[in-house]
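[1] Here's my sequence, what's the structure:
(one chain, ligands or ions: 1)
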Amino acid sequence: MKMAESQITVGNVEVIGLSDAALDHRLALDRIFPSVPAEAWEAYRQTYPATFGGRHVWHFNVGCYLVRSQGRTLLVDTGLGPAGGEIANSLQAPGGGCLFEELRSAGYRPEEVDVVLLTHLHRDHVGWNLRQEGSSCRLSFPRARYIVHQADWDTFHRPEVQEALSLTYLEQAITPLQRLGGLDLISGDLKITDEVTAMHTPGHTPGHMSVIIASRGHSAVITGDVVVHPAQVADADQSFVYDMDVEAARQTRHRLLERIEAEGMVMAGGHLPEPGFGRLVRAEGGRRWEALQDQREWSALV
Ligand SMILES: [Zn+2]
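    Predicted structure coming up:
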């Protein structure tokens with residue numbers, strides 16, 4: 001990946017798309033997005049071939065974003081992590097775990113990250129939080145504050161949720177953050193700089209957050225898992241099998257997409273085709289997601 005293609009500027013803010021992995025999902029499409037009508041998939045196959053690993057297979061990016069604003073460096077999500085191989089196996093796909101190579105080729109060291117914002121606590125968003133060293137572990141981003149929403153922290157530590165989701169990764173990638181002194185639990189929204197805000201967008205998980213960027217009259221949003229496939233842009237009612245509260249997720253998706261469209265925001269989704277930057281366009285009465293064709297050209301316009 002050439003960095004120029006995965007970087008945009010939003011006013012004074014730089015946003016770099018980093019891919020930890022790209023995988024085929026082991027569940028069939030109609031199980032992952034259970035309410036998308038079977039006949040609708042053909043049009044998506046034509047328009048978004050990069051999101052298919054086969055006729056009924058979802059191919060998805062495990063994306064993270066580096067955001068530079070007012071001298072601060074923010075990393076949004078940490079991918080599948082070192083267990084990427086093992087997790088990839090459970091997803092029936094090879095690969096995983098190249099966030100640090102991506103970070104390096106973008107010209108950044110882990111020590112330079114000031115804030116790690118975890119959109120939510122599913123395992124494909126927290127994988128590189130910690131590094132194992134023998135029997136102990138340390139923060140992968142040693143200077144960073146790790147921001148987690150209180151509602152996710154509480155939910156993912158409930159025994160019945162852990163049992164239901166077999167959350168062994170929690171002990172490896174999340175719970176030690178508190179003991180290691182890196183954790184900031186928040187409730188509601190949080191202004192990270194004058195230009196960057198973490199916004200509570202519940203539904204996919206109770207403490208899910210999106211990142212709003214606004215600078216010099218331009219704006220963008222990193223949606224986390226509010227939207228993971230263009231099918232959910234075309235029809236915001238379409239749920240994702242991992243939405244923990246389907247109705248709350250639906251309402252949040254409607255609200256966020258309406259705002260993105262009304263304000264002409266660039267939209268970056270971690271599971272949309274790499275590097276995940278796109279915009280919403282109106283066509284034939286409907287709304288659809290369109291990848292930014294040339295990030296440099298777009299940047300020059302702003
Ligand atoms: Zn995800």
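[2] model confidence over stretch 70-79, on average?
    Mean per-residue pLDDT for stretch 70-79: 98.
[3] Work out the gap between it and the centre of the chain.
    From the chain centre to the centre of stretch 70-79 is a distance of 12 Å (C-alpha atoms, centre = their mean, to the nearest Å).
[4] That stretch near the ion anywhere?
    No - Stretch 70-79 lies out of reach of the ion by C-beta under 5 Å from the ion, never closer than 8.2 Å. Glycine gets a C-beta too; all of them are placed from N, C-alpha and C.
[5] helices or strands up against the one helix or strand A198 maps to?
    Following DSSP states H and E, one finds A198 within strand 196-200. Packing partners of strand 196-200 (3 or more C-beta pairs under 8 Å, 6 or more residues apart in numbering; DSSP states H and E): strand 190-191, strand 209-215.
[6] just how off-centre is that strand within its chain?
    For strand 196-200, the distance to the chain centre is 13 Å (C-alpha atoms, centre = their mean).
[7] Sort out which residues of the helix or strand that contains V221 are buried, please.
    Applying DSSP H and E as the criterion places V221 in strand 218-222. For strand 218-222, burial by neighbour count (16 or more other C-beta atoms under 10 Å) applies to 218-222.
[8] Give me the angle between it and strand 196-200.
    50 degrees (axes from the mean of the first three to the mean of the last three C-alpha atoms, to 10 degrees).
[9] Adjacent strands (with direction) for strand 218-222?
    Note on strand 218-222: by DSSP bridges, its sheet partners are strand 209-215 (antiparallel), strand 266-268 (parallel).
[10] Would you mind putting the CA coordinates of it into CSV?
    This file holds the C-alpha atoms of strand 218-222, laid out as CSV (Å, rounded to 0.1, in the frame of the first residue of the first chain):
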residue,chain,number,x,y,z
HIS,A,218,-14.4,20.3,6.7
SER,A,219,-15.4,17.2,8.5
ALA,A,220,-15.0,13.4,8.6
VAL,A,221,-16.2,10.6,10.8
ILE,A,222,-14.6,7.3,11.6
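[11] I'd like the next helix or strand past it.
    The element immediately downstream of strand 218-222 (helix or strand, assigned by DSSP H and E) is helix 230-234.
[12] Point out where the chain drops to low pLDDT.
    1-4, 83-96, 166-167, 294-302 (pLDDT under 70).
[13] Now do the residue in the stretch 201-302 of the chain that the ion sits nearest to: how many residues are near it, please.
    Here the residue of the stretch 201-302 of the chain nearest the ion is D225; by C-beta to the ion that distance is 4.5 Å. For D225, the neighbour count with other C-beta atoms under 10 Å is 25.
[14] Nearest residue to it in space, ignoring adjacent ones along the chain?
    H204 (4.4 Å; C-beta to C-beta, 6 or more residues apart in numbering).
[15] need the contact list for the one you found.
    Contacts for H204 (C-beta atoms under 8 Å, 6 or more residues apart in numbering) come out as 120, 224-226, 240, 242-244, 249, 252.
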